[in-house]
Every structure is written in C-alpha cells, then in structure tokens.
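Got a predicted model here, sequence first, then my questions.
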Amino acid sequence: INKKAINSIEENSIVREMEEIVGELREYFKTEKTRSVTWRKNQLTCILDLIHENEDAIFKALHLDLGKHPVEAYRDEVGAVEKSANKSLSCVEKWMAPKKSDIPLLFFPAKGEVFSEPFGVVLIFSSWNFPIMLSLDPLIGAISAGNVVLIKPSDQAPACSSFLANTIPRYLDSNAIKVIEGGSNVCEQLLQQKWDKIFFTGSPSVGSMVMSAAAKNLTPVTLELGGKCPAILDSLPNPSEFKLAVKRIVGGKWGPCSGQACIGIDYLLVEDNLSYSLIELLKKIIRRFYGENPVESKVISRIVNKHHFQRIRNLLKEPLVAASIVHGGFIDEENLFIEPTILLDPPLDSQIMTEEIFGPLLPIITLNKIQESIEFINAKPKPLAIYAFTKDETFKRKIISETSSGSVIFNDTLVQFLCDTLPFGGVGQSGFGRYHGKYSFDSFSHEKAVMHRNLFLEIEPRYPPWSQFKLEFLKLAYRLNYFGLLLHILAFKLGFKKYN
C-alpha cells in the first residue's frame, strides 16, 4: 500500500511538472518573440556556440554512452549539427518570407500568398544511437520555424541526456527551449499533454504509441523510425569498382554506431556466384578498418546497454543461424562488444531476417539473379533506405519504380542523411514526414494560404437564383483557358441584365 501511495505521489508530481512546463512554453509562444527573424538567428548562432565550445564534452559523453571514437562522433553528430545550423542560419530569412502564389484568372482581380507560420509548442523525442545530433538537428528545424520546444532525450544515453539538460539552458532561450530527462514514465506523461507538433525518432513499436497518443488531440506527428534497410550488390566487372562498393558496404554496415543506426545496412543481396569473392573482400576490409582484434581497436562503437546486447546475441543463438556464420561471432559481454559478423544465407524465417538487427551482424542472402532482389524487398515492410550498387540503368529504373522506400541511394551508403537538399524520412512502417534543410523548416511550419480580393468585378453566376445560362457559364469557367474565360466574363458583364 505504501509503495502504491509513493508511486501515485511521484506520478502526480510528474504530471504537475509537465503541465507547468507546457503552460510556460505556451504562454511564451503567445508573446510572439519566437516569430522574429532576429530571435531565430540568435538561437541558431547559440547552437553553433554550444557545439563549438563544448566539443570535447560532447565527445566524452558519446564515448561514455556508446564508446564512439571522437572522429566518428564528429562525423555523425557534431559536424552534422554544425552543417545543419549553418544552412538554416543562412537561409531562414528566405524560408520564412511569404511566397507569392499564382491565382487563376477566374478569380481576377486577386493575389495569393503562402505564409509559413510556426505550429507552436513542439515536443521532440530523440534517440539514443545519435543522441546529440537527433536532439539538436530537429531542434534547428523547430527554431528556424519559430516554435517553442521541449526536448526529451533518451534515458538510454544518460551522459548525453545529462549534457543536453545542463548545457542547453546556458546557451539557448530557456523560456522557449527546455529539456526534460527521465524514463518511460516521463514519456508517458508527456504524451498526455496537448502539443501542437510531435517529432519522434525511435522504433516502430514506440512510434505507434506516440501516434496513438497524438491522435487524441489530433496533433500532427513526424515519425522517424527504421526497418530492415537492404543493400543490393550487382555484378561489377571492374575490380576497383567492386572493391570500392564493398568498402562502402562495410562503412554502411559497421561505420555508424556499430550497426545501431536506422539507416544502416540490415542485410545484403547478391548473386550466388559473387558470394565467395564478396565475403573474402569483406573480411579484408573489416581487418583493415578494425584490425585483427576489433575489440582492442577502439574505433568501433559498443552496444548501448545489456538489454540490446542480449537481444542481438539472441539472434545468433538459433542453431541454423549460428551455422551460417562465416566471419566473426566473437562476443564480449563485459565490454558490451560484438565483433563485426557475417552470415551467409541464414534461414529466411529466423529472427535475424524478420526483425530489424540494429547491430553489427550482416546476413548475406544469395539469389540466382540480382533482379530477384526487387521481389525479395517487396515481400518485407517498406524500408527507410535501399542501397543499390549497380551500373545497369534499366535495373536502376526498376528499383525506383517497383519498390517503395524512404530513399534510394545508388553506389554509396548513408550519404543521403547529410544531404540537406534532399528530404529525409520514411514511408509505411519506416515512418512518415521528412526533414533536413528546408524540409526541416517545412516540417515544423504550417503553410497558411492567404488570398486578397477586391470589391469589384463580381461574377454573378456564382449566386442564385439559378438558371440554365448560369449553369453553362460555370461549365465554361471550369473548362476554358483563362483568356477565353476572360472574354466570356466581359461579354457576360456587357449583357448581364439581358441574360438575368
């Protein structure tokens, strides 16, 4: 009884804290200070100051949580945030300016505009695998659009969560941008509040809960989820091109956070006659990148925690899966380390081929013809990305037109995430909504249509009483080109009394 009472008191305390935070953010948004271009640019500049002045602290936090090397931490987190903030800083004034819209001559005289207005109070849930970048990059979009924001970092990356909670208030407007830490109970209570926009990065299972909670208030959501992202390796007769393709595959599988990335390669499709040479080259490049003993290399991230470590290890416990290992398989539970591991043709109904791996295991699936990869991919939920290494233009067109995914990348991996001129986002189970660059600004903005009309030159057939002439006129209005319609309007004006 006492324990239940304590839990109830704690829950009520959390609810009050949530309500107070959301209330403060909403009141500050009403002041309209966040709508000014000056405020937006100041906050973006402060984000740049934050990452520049705290780079070493960020590296330390990322190493504590995930064992990331400083170079990997800069490439995937600090550098990505810096690039995103600089892009928004240089473009935000142009993005927020009203845009003229062409108005059909039917509405003459009139003009149209589209205003991008902030949603208001925004909730950002970030993920543990890129805890700095996946917190600050969406924040950049939300700030650029003029919103107030509450960030909930993942408690599975506690050092980074603590860093964000302690550092953001020192640099950014604490009335408009707040950070709250905590576990699942905090997340649950946050979702009970009314938000104007929710941005979530994480698993499909949690994403569905976020969407369900948002539906109660008809809150718009952006879900950045994951899925089993395939790579397709076509035959490349040129040895140097084949080697470069395999090198990029290694980078796309084990490079980002030891495979713990939503856009990382989940499995590889290849023709049977290429499998031997592929595996040998994969082994060679893995040794070059991570040494003969990867656990001692200190250049590959560890698994985030014991729960995920156990989940990945369980994928290898099925006898037929274990028998398919052709490289790696070493596991160090004390250091939460799993060696880069290659499997050849594990059972297609095994967990490793039906669940997202999110770890350093690479199944290779052999096919008779590489064109069969399209049917193989289509039999699974829509992935966040498809990576295809091929020079066959016909095959490229078939991949684009006959598959559905968040993105398709030919002859490289991961680079789409850093390209601000392309939208990043999923489709189906891999999520929906898009961001990066201008797309981030759009994701956190409502495009409000505004039409200006004058109080003369009325088109009377829009009003009753109805007549056959008015019906014919309206038909012409929808069917004729604009200049032809103008002539009919003028003719109608001249003879209106007669026809009426």
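Here it is on my side, so go on.

what's the distance between residue 457 and residue 104?
Using CB to CB, to the nearest Å, we find residue 457 at a distance of 14 Å from residue 104. Quick note: C-beta positions are derived from backbone N, CA and C, even for glycine.

Which strand or helix spans the spatially closest residue to residue 14 that is not a sequence neighbour?
What sits nearest to residue 14 in space, not counting adjacent residues and going by CB to CB, 6 or more residues apart in numbering, is residue 189, at 5.0 Å. Per DSSP states H and E, residue 189 falls inside helix 184-190.

What's the first helix or strand after that helix?
Sequence-wise, the next helix or strand downstream of helix 184-190 (DSSP H and E) is strand 197-201.

quick one: contacts of that following strand?
Strand 197-201 is touched from outside by 119-127, 134, 138, 142, 147, 206-207, 210, 214, 219-225, 262, 433, 435, 443-444, with contacts defined as CB atoms under 8 Å, 6 or more residues apart in numbering.

Residue 290 contacts residue 300, correct?
Yes: in this structure residue 290 lies within contact range of residue 300 using CB atoms under 8 Å: 5.4 Å.

Neighbour count for those two, which is higher?
Set side by side, residue 290 and residue 300 show more neighbours around residue 300, with 25 against 20, by other CB atoms under 10 Å.

In contact with the more buried one, which residues?
Applying CB under 8 Å, 6+ apart to residue 300 gives the contacts 67, 69, 254, 258, 290, 294, 340, 360.

where do the strands sit along the stretch 351-500 of the chain?
Ranges of strands in the stretch 351-500 of the chain, per DSSP state E, counting those that start in this stretch, are 361-367, 385-389, 407-410, 431-432, 445-453.

Flag every buried residue along the first one.
For strand 361-367, burial by neighbour count (16 or more other CB atoms under 10 Å) applies to 361, 362, 363, 364, 365, 367.

ok, so of these, who is nearest residue 74?
Taking CB to CB as the measure, residue 74 sits nearest to residue 362 out of those, at 25.2 Å.

name the element residue 46 belongs to?
Following DSSP H and E, the helix or strand that holds residue 46 is helix 37-53.

State the mean pLDDT of stretch 81-101.
Averaging pLDDT along stretch 81-101 gives 97.

Could you give me the buried positions within it?
Under the neighbour-count criterion of 16+ other CB under 10 Å, stretch 81-101 has 81, 82, 84, 85, 86, 87, 88, 89, 92, 95, 96 buried.

and these as a markdown table, adding secondary structure and distance to residue 374?
Formatted as a markdown table, the buried residues of stretch 81-101 follow (DSSP: H, G, I helix; E, B strand; the rest coil; distance: CB to CB, whole Å):
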| residue | secondary structure | distance to residue 374 |
| --- | --- | --- |
| 81 | helix | 36 |
| 82 | helix | 38 |
| 84 | helix | 34 |
| 85 | helix | 39 |
| 86 | helix | 39 |
| 87 | helix | 35 |
| 88 | helix | 37 |
| 89 | helix | 42 |
| 92 | helix | 41 |
| 95 | helix | 37 |
| 96 | helix | 42 |
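
Could you dump those into JSON lines with distance to residue 390 added?
Shown next, in JSON lines, are these (distance: CB to CB, whole Å):
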{"residue": "81", "distance to residue 390": "33"}
{"residue": "82", "distance to residue 390": "34"}
{"residue": "84", "distance to residue 390": "31"}
{"residue": "85", "distance to residue 390": "36"}
{"residue": "86", "distance to residue 390": "34"}
{"residue": "87", "distance to residue 390": "31"}
{"residue": "88", "distance to residue 390": "35"}
{"residue": "89", "distance to residue 390": "38"}
{"residue": "92", "distance to residue 390": "39"}
{"residue": "95", "distance to residue 390": "36"}
{"residue": "96", "distance to residue 390": "41"}
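
Can you give the contact residues for stretch 78-95?
For stretch 78-95, using CB under 8 Å, 6+ apart, the contacting residues are 37, 40-41, 44-45, 47-48, 51-52, 55, 58-59, 116, 132-133, 136-137, 140-141, 143-144, 417-418, 420, 436-438, 440-441.

Count the residues that sit near the residue lying closest to residue 182 once chain neighbours are set aside.
Spatial nearest neighbour of residue 182, chain neighbours left out: residue 155 (6.4 Å); criterion: CB to CB, 6+ apart. Counted with other CB under 10 Å, residues neighbouring residue 155 total 14.

Before I go, just wanted to say thanks for your time.
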